[in-house]
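> need the 3D shape of this:
(chains A, B, C and D)
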Number of protein chains: 2
Amino acid sequence: MSVRRNSLSDRLRAAGLRLTNQRRIVIHLLENADRHLDAEKVFRLARRKDPNIHRATVYRTLSTFKKLGLVDELDLMHVSGDRHYYEIRPSTFHIHLICTGCGSVQEPGGSWWQEMKSRVYDETGFKPEIIRLEMSGLCKACRGEKSESPT
Amino acid sequence: MSVRRNSLSDRLRAAGLRLTNQRRIVIHLLENADRHLDAEKVFRLARRKDPNIHRATVYRTLSTFKKLGLVDELDLMHVSGDRHYYEIRPSTFHIHLICTGCGSVQEPGGSWWQEMKSRVYDETGFKPEIIRLEMSGLCKACRGEKSESPT
DNA sequence: CTAACTGCAAACCTTTTGCATTGAC
DNA sequence: GTCAATGCAAAAGGTTTGCAGTTAG
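Presented below is the predicted three-dimensional model:
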């Protein structure tokens, strides 16, 4: 638990980078987000804690984190625009289920994609490092509402 | 069968939209592309056939096609920048294997992801319509070349 | 004929960069 | 103290939009 909580800070230090207050704020936001945040949203939330934090700093911070592999950049299939979203890189790969009805994003667990990696490797010789699997469609609730939907 | 080949033009007409020469050019480019094209590349290639075609027209065309579901928009995990790529929506879902070494994109065949859809549906109640599965890593050739590489 | 489409130019929005200053270690 | 990181402002993509003229159906 505490391992998880401090991972970003720790790994930042481990990479020889400095833990500034601005970065602490961004880390806190990412770690406690209840949904996926795009850069602008991170910026706006960060500014509430430090009105002087600059947009460029947030972008640089997210870029740095991404290069270090601390966060992943997603676009969630552009279902809600062309923004890019950031999430802490999970220890285990997970899917994103993006509902085109309500825009909600589910991340069901499981580990059956492990076999996808080996299947791809066996069939093509390509060695997958990072997997991104997104599915858009209708969530249970939205399907319920429009029960006359096709397919 | 011929339905398939002319699908873009036909479906455009079916939607009550006009098949202009500019759109014909874009369709031709997408249908005959040997790699994934971003909007700017489509524009530059289109301009070779019609030097007067305007960038905005290409963007509008791609946007229209996307809204109609004729093409899909990809970002190929931003391995080669933040551009968006367009491909004709395939009748069968396929994976993109993006090599971080040489930037090549493979699209292996197969249909084993069908079971992913049903597995997701069974486990979560979410009904996937469009699947996007991308894996970045090293292709066979690049793995061969740098056998001493870290990563 | 006329609504859809295009070319043009300017605006827009998100992200990046050069530089002087600040601050973490 | 030193070098990384920040704030600032300006630029740099990439994409969109209002409008007048053109064109497919």
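
> how close does residue A:96 get to residue A:44?
Noted for residue A:96: a distance of 23 Å to residue A:44, by C-beta to C-beta, to the nearest Å. In short, each C-beta sits where N, CA and C put it, glycine included.

> spit out the contact partners of residue A:112.
Contact partners of residue A:112, counting by C-beta atoms under 8 Å, 6 or more residues apart in numbering or on different chains, are residue B:119.

> mind redoing it with 10 Å?
Shown in contact with residue A:112 (C-beta atoms under 10 Å, 6 or more residues apart in numbering or on different chains): A:95, B:115-116, B:119, B:123.

> rewinding a little: neighbour count winner among residue A:96 and residue A:44?
Relative neighbour count places residue A:96 above the other of residue A:96 and residue A:44, with 21 against 13, counting by other C-beta atoms under 10 Å in any protein chain shown.

> so that one versus DNA strand C, what's the distance?
Distance, residue A:96 to DNA strand C, using C-beta to the nearest atom of the strand, to the nearest Å: 18 Å.

> what does that residue show for phi and psi?
Main-chain torsions, residue A:96, degrees, to the nearest 10: phi -110, psi 120.

> surely residue A:21 meets residue A:9?
No. Taking contacts as C-beta atoms under 10 Å, residue A:21 lies outside contact range of residue A:9: 11.9 Å.

> higher neighbour count, those two?
Neighbour totals were compared for residue A:21 and residue A:9, and residue A:9 leads with 16 against 10 (other C-beta under 10 Å).

> what about that one, which helix or strand?
If you go by DSSP states H and E, residue A:9 is part of helix A:2-14.

> tell me the helix or strand right after that helix.
The C-terminal neighbour of helix A:2-14 among helices and strands, as given by DSSP H and E, is helix A:21-32.

> from the contact counts, what lies against that following helix?
Contacts defined by 3 or more C-beta pairs under 10 Å, 6 or more residues apart in numbering or on different chains; DSSP states H and E place helix A:21-32 against helix A:2-14, strand A:37-38, helix A:39-49, helix A:55-67, strand A:71-74, strand A:85-88.
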